[in-house]
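Engineer: Quick one: sequence and predicted model below, then my questions.
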Amino acid sequence: MTLNVSQLSDRRRRRRFDLECELRYRLLDSRRHIPQQSGKTINMSSKGVLFETTAQLPVGKRVELSISWPATLNEKCRLKMVAVARVIRSSESHAAVALQKHEFRTQGVVLN
């Protein structure tokens with residue numbers, strides 16, 4: 001059995017989910033303090049995130065993301081996903097990152 005290039009690349013792609021979530025991000029640079037910026041996710045997969053940026057991010061640099069998660073814990077507690085990722089593509093308005101590690105944290109109680 002032989003596979004053509006398009007079949008091979010389709011097998012390697014992770015399923016992307018169109019999720020628009022609020023996020024905060026900052027470059028992790030030990031030489032200088034870089035303030036957090038705000039944006040929104042465009043889509044996500046199990047290995048990466050595409051999101052809006054306010055400026056072009058340097059490819060290869062690490063970023064910390066804090067994403068307001070669309071689901072709640074026990075229908076009472078908001079969640080956020082905190083992740084460290086590496087920038088793999090960037091323009092003046094978008095960045096794609098590869099997730100290196102992530103965890104979910106509680107963000108606060110949902111008021112009825």
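Structural biologist: Yep, it's here.

Engineer: hey, let's count contacts and neighbours off CA atoms from now on
Structural biologist: Fine.

Engineer: With residue 52 as the reference, measure out to residue 39.
Structural biologist: Summarising the geometry, the distance separating residue 39 from residue 52, computed by CA to CA, to the nearest Å, is 5 Å.

Engineer: typo on my end, residue 64
Structural biologist: 14 Å.

Engineer: same check, this time on residue 80
Structural biologist: Taken as CA to CA, the spacing of residue 80 relative to residue 52 amounts to 18 Å.

Engineer: Now do the strands in this protein.
Structural biologist: Along the chain, counting by DSSP state E, strands occupy 22-27, 37-44, 48-52, 62-73, 77-90, 94-109.

Engineer: Out of the ones you listed, which is closest to residue 15?
Structural biologist: Using CA to CA as the measure, strand 37-44 is the one of the strands of the chain that comes nearest residue 15, at 8.3 Å.

Engineer: same for that closest one, what does it pack against?
Structural biologist: strand 22-27, strand 48-52 (3 or more CA pairs under 8 Å, 6 or more residues apart in numbering; DSSP states H and E).

Engineer: I'd like the mean pLDDT over it, please.
Structural biologist: Along strand 37-44, the predicted local confidence has a mean pLDDT of 96.

Engineer: cool, and stretch 56-76?
Structural biologist: When pLDDT is averaged along stretch 56-76, the result is 92.

Engineer: what about that stretch, start to end distance?
Structural biologist: Criterion CA to CA; first-to-last residue distance in stretch 56-76 is 37 Å.

Engineer: quick one: contacts of that stretch?
Structural biologist: 21-29, 78-95, 109-111 (CA atoms under 8 Å, 6 or more residues apart in numbering).

Engineer: Quick check, pLDDT for the residue most central in space within the chain.
Structural biologist: Compute the mean C-alpha point of the chain, and by CA atoms, centre = their mean the closest residue is residue 49, 3.6 Å away. The pLDDT attached to residue 49 in the predicted structure is 97.
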